[in-house]
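1. Attaching a predicted model along with its sequence, questions to come.
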Amino acid sequence: MTTLRQLEYLVTVVDTGSFTRAAELLHVSQPALSHQVRVLERDAGGPLLERLARAVRPTPMGRAILPHARAALADAERARTAARRAVGLDGGEIQVAAVYSVTLGIMLPVLRTWHENHPQVRVRLMEFPHTDALLAAMTAGRADLAVGPRPGQWEGTVTELGEEEFVLAVPAGDPAPDRVRLTDLADRSWVHYAPGNGLAEVVDQACAAAGFRPRAAVRTEQTAAAPLLAATGLGPALVPESVVPAGFAGRVLRPEPPVRRMLAAYTRPHPDPLTTAFLDTLARHAAEGRA
């Protein structure tokens with residue numbers, strides 16, 4: 001089934017003449033963009049774009065569908081404008097609670113897209129080091145929506161966003177293979193997390209499953225500091241892949257078996273239109289990331 005998002009992708013690729021530039025403008029990865037265009041071409045029954053050495057241009061079938069795609073996008077924008085005015089999405093404030101690693105990962109493109117689409121809506125972002133504190137904030141009514149590990153019990157709406165992948169950060173010259181068993185690192189000192197950080201439990205549980213208890217060389221309360229400390233040689237650090245900075249000075253290893261945890265967004269039983277709109281944006285970005 002053709003979606004407005006796919007039509008937007010097609011129009012943007014044609015207008016820019018490039019998958020790379022279109023992906024930058026749309027704030028999506030190029031593989032996700034290409035995948036959605038292929039799905040659209042499959043639904044249309046043939047190729048819509050001709051991929052040349054230095055440019056991309058529409059095929060005859062693509063040129064035929066372009067006016068209809070532009071018209072559908074214009075109609076959708078007019079409908080969104082009317083809906084915003086009706087339910088107050090052109091103003092107000094939404095309170096979003098998240099654990100630290102989520103803020104550094106999935107929330108960045110979501111907040112950027114939200115601000116572009118709803119510039120008059122303020123976002124109050126509250127960050128928590130532990131799932132229990134996140135859940136307590138939601139229970140107390142301090143936030144409209146929470147993003148973090150899936151709660152064990154929750155009476156409201158829970159939307160799974162996908163699994164958060166963990167990697168091992170080590171110094172650049174570390175001799176360990178790219179894929180390594182945690183048990184092979186059991187005799188090392190580790191960069192660990194302070195007890196108040198929920199990732200301390202993730203590390204302890206993963207190491208316990210491998211048959212050992214990690215010996216901490218240093219403990220940090222800041223999730224983003226763990227890979228940087230590991231790169232200095234203090235010890236390996238098990239970190240969410242999303243917190244590894246661009247241009248990381250160390251190496252990133254994949255643990256075997258993989259270490260993952262399910263992330264979810266959850267709201268109260270009857271979320272207001274602002275919260276529902278933010279949740280839709282979050283879920284769409286999560287789905288595109290998985291694609």
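-> Cool, got the structure.

2. so which helix or strand takes in the closest residue to residue 2 other than its chain neighbours?
-> Leaving aside its sequence neighbours, residue 2 sits nearest to residue 43 (Cβ to Cβ, 6 or more residues apart in numbering; 5.2 Å). In short, each C-beta sits where N, CA and C put it, glycine included. Taking DSSP states H and E as the criterion, residue 43 maps to helix 30-44.

3. helices or strands up against that helix?
-> helix 4-16, helix 19-26, helix 273-290 (3 or more Cβ pairs under 8 Å, 6 or more residues apart in numbering; DSSP states H and E).

4. Could you look up the SS state of residue 191?
-> The three-state assignment at residue 191 reads strand, by DSSP: H, G, I helix; E, B strand; the rest coil.

5. for it, which residues make a bridge with it?
-> residue 218 (DSSP bridges).

6. Near residue 161, how many other residues are there?
-> Residue 161 has 21 neighbours, counted by other Cβ atoms under 10 Å.

7. Residue 57 too?
-> 13.

8. For it, pull up the helix or strand it's in.
-> strand 56-58.

9. Following element in sequence after that strand, please.
-> helix 60-87.

10. relative orientation of that next one and helix 30-44 in degrees?
-> 110 degrees (axes from the mean of the first three to the mean of the last three Cα atoms, to 10 degrees).

11. Let's test this: mean pLDDT of helix 60-87, rounded?
-> The predicted model gives helix 60-87 an average pLDDT of 79.

12. packing partners for it?
-> Packed on helix 60-87, when contacts are counted by 3+ Cβ pairs under 8 Å, 6+ apart, are helix 4-16.

13. can you pull the buried residues of the helix it packs on?
-> 5-14, 16 (16 or more other Cβ atoms under 10 Å).

14. quick one, it and helix 273-290 angle?
-> 70 degrees.

15. Tell me which other helices or strands helix 4-16 touches.
-> helix 19-26, helix 30-44, strand 49-51, strand 56-58, helix 60-87.

16. Kindly format the C-alpha coordinates of that helix as CSV.
-> Extracted C-alpha coordinates of helix 4-16, given in CSV (Å, rounded to 0.1, in the frame of the first residue of the first chain):
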residue,chain,number,x,y,z
LEU,A,4,2.4,9.6,1.7
ARG,A,5,5.9,9.2,3.1
GLN,A,6,6.9,7.1,0.1
LEU,A,7,5.5,9.8,-2.3
GLU,A,8,7.4,12.4,-0.4
TYR,A,9,10.6,10.4,-0.8
LEU,A,10,10.0,10.0,-4.6
VAL,A,11,9.3,13.8,-5.0
THR,A,12,12.4,14.8,-3.0
VAL,A,13,14.7,12.4,-4.9
VAL,A,14,13.4,13.8,-8.2
ASP,A,15,13.7,17.4,-7.0
THR,A,16,17.3,17.0,-5.7
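
17. The stretch 101-250 of the chain: helices as residue ranges?
-> Using DSSP state H, counting those that start in this stretch, the helices of the stretch 101-250 of the chain run over residues 107-117, 131-139, 199-209, 225-231.

18. okay, those helices, which one's buried deepest?
-> By mean neighbour count, with neighbours taken as mean count of other Cβ atoms under 10 Å, helix 225-231 ranks first of these at a mean of 23.

19. Averaged pLDDT, that helix. What do you get?
-> For helix 225-231, mean pLDDT is 96.

20. Which other helices and strands does that helix contact?
-> So helix 225-231, by 3+ Cβ pairs under 8 Å, 6+ apart, packs with strand 158-170, strand 189-193, strand 215-220, strand 237-240.

21. Which positions within the following helix or strand past the shortest one qualify as buried?
-> Downstream of strand 237-240, the first helix or strand assigned by DSSP H and E is strand 251-256. When neighbours are counted by 16+ other Cβ under 10 Å, the buried residues of strand 251-256 are found to be 251, 253-255.

22. Strand 251-256 - contacts with which helices or strands?
-> Using 3+ Cβ pairs under 8 Å, 6+ apart as the test, strand 251-256 ends up in contact with strand 158-170, strand 179-181.

23. Please identify the most buried of those strands.
-> strand 158-170 comes out most buried of these by mean count of other Cβ under 10 Å, with a mean of 19.

24. pretty sure residue 253 is touching residue 175, no?
-> No - the pair residue 253 / residue 175 is not scored as a contact, 11.0 Å apart, by Cβ atoms under 8 Å.
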